[in-house]
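Peer 1: using only what follows, build the 3D model:
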Amino acid sequence: MTRDVIRALGRRWYVIVVGLLVTVGLAWGAYRITPPTYTSSALILLLPSETTVGPGGNPFLALSNLDQPAGILVAYFSGTTAQAQVKEHSPTAQYTVAINSSTRGPIIEVDVTDKTSEGALSALDYITGQIPAELSSLQKQVDAPANAVITSMPLTVDQKAKADYSGTIRMVITAVVVGLLATGLIAFALDGLLLSRRARRQARAAREAPGTGTPGPAEPRGRRQPRSARRRAEKPVPAPEAAVETVPPPEGSADEASANESRADEASADESSADESSADEPSTDESAAGEVAVVAADAGRET
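Peer 2: Numbers count the residues shown, from 1 in each chain. Presented below is the predicted three-dimensional model:
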């Protein structure tokens, strides 16, 4: 089966060439339709208030009670109001704000995706700038004392967006696979169609060719030909006799032939006249016998 497929593809190599060109075009189109996306991320850490830390205290030792304020801030940026503000600033950007699951503590992770590197960095800067502003606004709305206000600080902020080719690679692979499968199927189907047509033409030509001895079409099942008809069908057809080529006489032999014919006619005429003369003249023996008979008759009368 594999050899048949390979042979069929080899016979229809021109289909393979055209199919490969079309496949390359599909891959290029898939790349243009789905360009790579660019991602950037940042980590924001919430810090406890002065009251919580105390005089001379270390803020990093008092982070355990900030999970709830971090959750409130994440919920705000997941709402429609914050999404509309980000959409207005960066129409093509998509973002997620969530608590970082890899660490224990009030660390907010911001991930931004955009079609361009500049768009991703711009949206990231906007969101990281809005986090401390919205955190301060939410605390003002509840009249939090100044010495009890929670603050934030950026831990990491990407300065260069990363290109993500995963979607592009998936689309290109899909286009290549579809193109190769379509090329193989079309080449194999076309080869089978052309071979069947060639076989039908050869069979028709063999049936229509005169003197080939090719039997006619088979009788339908259920009908048996007579024995004489089967014998006539099985009897081989004799080959046509070869034509006898008449060689023209060489030049100058016509006169010789007519002279020979004239001499042959004269010889036959002389022989005929000789035969007639010999038939009309009586032989010598017959003449002597007649004379003896006459003498005997005369002697008898004298007596």
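Peer 1: host element of residue 188?
Peer 2: In this assignment (DSSP states H and E), residue 188 forms part of helix 166-208.
Peer 1: quick one: list the elements packing against that helix.
Peer 2: Judged by 3 or more C-beta pairs under 8 Å, 6 or more residues apart in numbering; DSSP states H and E, helix 166-208 is in contact with helix 2-11, helix 13-33. Any C-beta I mention is one placed from the backbone N, CA and C, and that applies to glycine too.
Peer 1: tabulate the ones you listed (JSON lines), appending distance to residue 108, mean pLDDT and mean neighbour count.
Peer 2: Below are the helices and strands packed on helix 166-208 laid out as JSON lines (distance: least, C-beta to C-beta, whole Å; pLDDT from 0 to 100; neighbours: other C-beta atoms under 10 Å):
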{"stretch": "helix 2-11", "distance to residue 108": "57", "mean pLDDT": "77", "mean neighbour count": "12"}
{"stretch": "helix 13-33", "distance to residue 108": "35", "mean pLDDT": "89", "mean neighbour count": "14"}
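Peer 1: for these, which one sits closest to residue 187?
Peer 2: Of all the helices and strands packed on helix 166-208, it is helix 13-33 that lies closest to residue 187, at 4.1 Å by C-beta to C-beta.
Peer 1: tabulate the CA atom coordinates of that closest one in PDB.
Peer 2: Once non-C-alpha atoms are left out, helix 13-33 reads as follows in PDB (Å, rounded to 0.1, in the frame of the first residue of the first chain):
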ATOM      1  CA  TRP A  13       4.800  15.000  -9.200                       C
ATOM      2  CA  TYR A  14       3.400  18.200 -10.800                       C
ATOM      3  CA  VAL A  15       0.400  18.000  -8.400                       C
ATOM      4  CA  ILE A  16       2.900  17.700  -5.500                       C
ATOM      5  CA  VAL A  17       4.800  20.700  -6.700                       C
ATOM      6  CA  VAL A  18       1.700  22.900  -7.000                       C
ATOM      7  CA  GLY A  19       0.400  21.600  -3.700                       C
ATOM      8  CA  LEU A  20       3.700  22.500  -1.900                       C
ATOM      9  CA  LEU A  21       3.500  26.000  -3.300                       C
ATOM     10  CA  VAL A  22      -0.100  26.300  -2.200                       C
ATOM     11  CA  THR A  23       0.900  25.000   1.300                       C
ATOM     12  CA  VAL A  24       3.700  27.600   1.600                       C
ATOM     13  CA  GLY A  25       1.100  30.200   0.700                       C
ATOM     14  CA  LEU A  26      -1.300  28.900   3.300                       C
ATOM     15  CA  ALA A  27       1.500  29.000   6.000                       C
ATOM     16  CA  TRP A  28       2.400  32.500   5.100                       C
ATOM     17  CA  GLY A  29      -1.200  33.600   5.200                       C
ATOM     18  CA  ALA A  30      -1.600  31.900   8.600                       C
ATOM     19  CA  TYR A  31       1.400  33.800   9.900                       C
ATOM     20  CA  ARG A  32       0.100  37.100   8.600                       C
ATOM     21  CA  ILE A  33      -3.400  36.500  10.000                       C
END
